[in-house]
Structure formats: C-alpha cells, structure tokens
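**Student:** I'll drop the sequence and a predicted model, then ask my questions.
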Amino acid sequence: MFFDFGAGEIVGLALLAMILLGPDKLPQFAVDAAKFVKKMRAFATTATNELKENLGPGFEDLQPSDLRPKAFIQKHISSVLDDEDERSQKASAKIDPDLL
C-alpha cells in the first residue's frame, strides 16, 4: 500500500477530525472522502486499462507496480540471470566427466 498507518495513527486521525470538523460535519466529510476514494480507484483502473489497450499484445497482464523503474529493472535483471543459469547448466551437462 501507499500508506503505512497503524491502529494508533488511525484513532489519532479520527480524534483530530472530530475536533477540527465537529461531530455534526464529520459524517458528511466521511461520505465525501469515500466518494473521492471511489473516484480515484475508478480513474486508476480506467488509466491502467487504457494503457494496456494502447501498448498492444503482450501487455495483458500489466500491473501498475510493473511501471515502477525499480521493479522493471529487477524483473529484467532476474530474467537475464535465469537465462544465464540455464545456459551454464546446459554447458556443464555437456562436459564429459572422464575428461576431468
């Protein structure tokens, strides 16, 4: 997740919201905040789907976390290392043990 809130932080934020907004405005604020979160999720889902469509075949399983540079580099480095391991295993299998 983006935010790492514990139970104590959530309770503290709820108390702060009650003090700042007051108990009469707090329910409407919670409804508005929930609507905003729902709109942002829908926006992110739509943007991800449009990106998948525009990139074409081969990107059907694209996840937003794949677009982070760190994850992208790690994924490609690990695939290169896996390919190298496979090649080295094939090469070691071809060596005649009598020659060692």
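**Tutor:** Looks like it arrived, so ask away.

**Student:** Now do stretch 52-63: everything it contacts.
**Tutor:** Residues outside stretch 52-63 that contact it (C-beta atoms under 8 Å, 6 or more residues apart in numbering): Thr48, Leu51. C-beta here means a position set from N, CA and C on the backbone, and glycine is covered the same way.

**Student:** got the end-to-end distance for it?
**Tutor:** Terminal residues of stretch 52-63 are spaced 9 Å apart (C-alpha to C-alpha, to the nearest Å).

**Student:** what's the nearest residue to the residue nearest the centre of the chain if we skip its chain neighbours?
**Tutor:** Centroid-nearest residue in the chain, with C-alpha atoms, centre = their mean: Ser65, separated by 3.4 Å. Leaving aside its chain neighbours, Ser65 sits nearest to Ala71 (5.6 Å; criterion: C-beta to C-beta, 6 or more residues apart in numbering).

**Student:** SS state for that neighbour?
**Tutor:** Of the three states, Ala71 takes helix according to DSSP: H, G, I helix; E, B strand; the rest coil.

**Student:** Help me confirm that it comes into contact with Ser78.
**Tutor:** No - applying C-beta atoms under 8 Å, one finds Ala71 not in contact with Ser78, separated by 10.6 Å.
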